[in-house]
Structure formats: C-alpha cells, structure tokens
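[1] could you work out the structure for the sequence below:
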Amino acid sequence: MSYIELHASTAFSFLRGASFPEQLAEVAMELEMPAMALLDRNGVYGAQRFSVAAREHNVRPIIGCELSMNDGSVLPVLVENRMGYKNLCELLTQSHLRSEKGTCAVRWSELPQFAEGLVAFFGLGSTGCQPVVCGSLPQTSFHPWRPNTQSVRQAAGRDRLAVCAPQISDSPLNPMTLPERVRADYETMNLTTGPHPMRLLREQLPNVWRASDLIQARHGATVQIAGNVICRQRPGTAKGFVFISLEDETGVSNAIVDPNLFERFRMLITEEAFLLIEGELQNVDGVVLIKTREIRSLPHNELIGSESHDFR
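    Down below sits the predicted model:
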C-alpha cells in the first residue's frame, strides 16, 4: 500500500511550512504518492495552486485545513466533497470576521452546523491522529480537548462529521463528468480547484497562443488569443479604447480594442463570457498587448468561468 501524506503545509502557513504548493505536488509525484492532502493553518490559501499542480503530476489533491480552536487546540480537517469545501470556507469566513486581525478562533459549538462533508482528525495535537471508528471519539490525556468532545460527538452522532475516516456510500446517480464538475464549481463558488475551463478546450484551439507563451512571440506578429473574460475596461481618459483581459490555464493575456471596432462588436464584447481575439502582438520592454483586428465568440461547450469585472 502506498504512503499518502495527509498533513502537508505550504509557505502560506507562516513559520509552519516552507514549500510552495507546486513544489509539494512535484515531491508527491517523485515519491510516487497517489494522493496528498494540503492543510494550511486557518485557510485554503494554496488550495487552487496545489490542485492544479497535483493533477498535472497525476497526484490526487486532497484539500483541508488546520483549524485553530478557541481553547488553543488545533483540529485538522479534510474536505470530503463539494459540500465540505463550502462548509469549510463558510466556517473560516465566519471565524475570521469575528476574530481580531491576524488571528482566527473557531468555536467548538460551531462544528455541528458546518460538519457535513468534513473529515476530522481528532487526537493528540495537530500533527497526530489517533485512529478511531467513524462516529466515535477517543479519550485523550490532553485536557484542553476534553470539555469539547461533546460538540464533536454531537456532529459525528448525526452522521455529519466523519472522525479520522470518511464515510462512503453508494449513489444512485452517475458520477459527474469533469466539465460538469468544473461548471458546478463556478456556479456555486465562482472558482474551481479542478482544471481551468480553457484547459478542457485547448485541444480544439491548435492555433491559439497560451498567455504564458506570448512573451516568446515576435513583436508585430499576428496571433490569436482566447480565454474567459475576467475584465473589460473603458477608462474615460482612453479616448474610447477598450481593454480586455482574457484568462486561460496559464495566466492572463490583454487586448486593446479601438473605438470603431468596439462599436462594431459591442454586444459580443460586453455579453460573451469567452472570446477569441486575433490581432497584432506588441511587445515593448516585456509588456505584451494584442492590438485587436478580429474578435469572435469562443464556443465553450456550456462551460462557465469567473465573473468579469467591467468598466471600473
């Protein structure tokens, strides 16, 4: 049986981790781990970057978090499903808003409300897990935990919180396809820990440049870019010129549209979530911009992406 690290931290956990999410994923691949869990302290800061990098290395990413409890103890939790990720984010947001800046204190009494879809490691401290049967809790010699076992027992007793082992049940529904999962992520959270929508469309776009590769293109060359529209700007000082930012799986590319072209394609530019733009590449001092000549809608197979921030 392969070893799986279930308690890794990144540099986002100050003074607790030193590696970037991408480095952890690479090491997991080198050690032939089939999966790895990322548990940063009081946040899911590196979750998106870790998920993308792990899948690129054929490592299953598991997302979680170390929760700082209001009695000074630490409770590690893993996300079992989409509902668990939603509950974890809501629990963290509620705790951060209530706590002083730079601190986070989760109340034990809050666990039953946000327990569904989460797997808790309940044992001696934040670096160990005392194996227990799902739905039961161990007795420990760490006194600060004892007054709080009732809250965890309450959540586990309702089959809402799995303790040290996820509960698996058969579903009558067919598994979601990868595009369906990505769409559901954006519909519910406006982000995804899976692949970017453009990565799923990349094979259909052999002549389209990736954002990260544009720096290598020749100044003055005609290129095509495509992606999810994340920003449309029309500054009052720009004399009617419009700036469009397209996001793909590698980064962001930027295009400029002159006033006449904007009036010609106004509805397309302002309404479409995914665009394909062709134009002249301008590369001046490492700043890359596409001077738009043609613009059209990009078929995206019902995939959706991030909402655009427009004309601000």
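[2] what segments of the stretch 51-200 of the chain are helices?
    In the stretch 51-200 of the chain, the segments counted as helices under DSSP state H, counting those that start in this stretch are 82-98, 111-114, 149-157, 178-189, 197-201.
[3] which helices and strands does the longest one pack with?
    Secondary structure elements in contact with helix 82-98, counted by 3 or more Cβ pairs under 8 Å, 6 or more residues apart in numbering; DSSP states H and E, are strand 60-68, strand 74-79, helix 111-114, strand 118-120, helix 178-189. For glycine as for every other residue, the C-beta is placed from the backbone atoms N, C-alpha and C.
[4] number of residues surrounding Q282?
    14 (other Cβ atoms under 10 Å).
[5] got the buried residues for the helix or strand it falls within?
    Here Q282, judged by DSSP states H and E, is contained in strand 274-284. By 16 or more other Cβ atoms under 10 Å, the buried positions in strand 274-284 come out as F274, L275, L276, I277, E278, G279, L281, N283.
[6] on that earlier part again, weakest of the helices of the stretch 51-200 of the chain by average pLDDT?
    Note on the helices of the stretch 51-200 of the chain: lowest mean pLDDT is at helix 149-157, with a mean of 52.
[7] deepest-packed of the helices and strands packed on helix 82-98, please.
    strand 118-120 (a mean of 24; mean count of other Cβ atoms under 10 Å).
[8] parallel or antiparallel, which strands does that strand pair with?
    strand 74-79 (antiparallel), strand 161-163 (parallel) (DSSP bridges).
[9] quick one: list the elements packing against the strand holding Q282.
    The elements that strand 274-284 packs onto, with contact taken as 3+ Cβ pairs under 8 Å, 6+ apart, are strand 222-233, strand 242-247, strand 287-297.
[10] mind doing that once more with 10 Å?
    Packing partners of strand 274-284 (3 or more Cβ pairs under 10 Å, 6 or more residues apart in numbering; DSSP states H and E): helix 197-201, strand 222-233, strand 242-247, strand 252-257, helix 266-271, strand 287-297.
[11] can you get me the start-to-end distance on stretch 29-36?
    10 Å (Cα to Cα, to the nearest Å).
[12] give me the mean pLDDT for that stretch.
    On average, stretch 29-36 scores 90.
[13] quick check: buried residues in that stretch?
    Neighbour counts over stretch 29-36 (16+ other Cβ under 10 Å) mark M29, M33, M36 as buried.
[14] the most centrally placed residue in the chain: what secondary structure?
    In the chain, the residue lying closest to the centroid (Cα atoms, centre = their mean) is Q48, at 3.0 Å. At Q48 the chain is in helix, as set by DSSP: H, G, I helix; E, B strand; the rest coil.
[15] what sits against the residue of the chain positioned farthest from its centre?
    What lies farthest from the middle of the chain is N260; by Cα atoms, centre = their mean that is 38.0 Å. For N260, the contact set (Cβ atoms under 10 Å, 6 or more residues apart in numbering) comprises G240.
[16] mind checking how far it is from R183?
    From N260 over to R183 the distance is 35 Å, taken as Cβ to Cβ, to the nearest Å.
[17] can I get the helices and strands packed on helix 82-98 in JSON lines with distance to A105?
    Formatted as JSON lines, the helices and strands packed on helix 82-98 follow (distance: least, Cβ to Cβ, whole Å):
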{"stretch": "strand 60-68", "distance to A105": "6"}
{"stretch": "strand 74-79", "distance to A105": "11"}
{"stretch": "helix 111-114", "distance to A105": "13"}
{"stretch": "strand 118-120", "distance to A105": "17"}
{"stretch": "helix 178-189", "distance to A105": "24"}
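[18] that's all I had, so thanks and see you.
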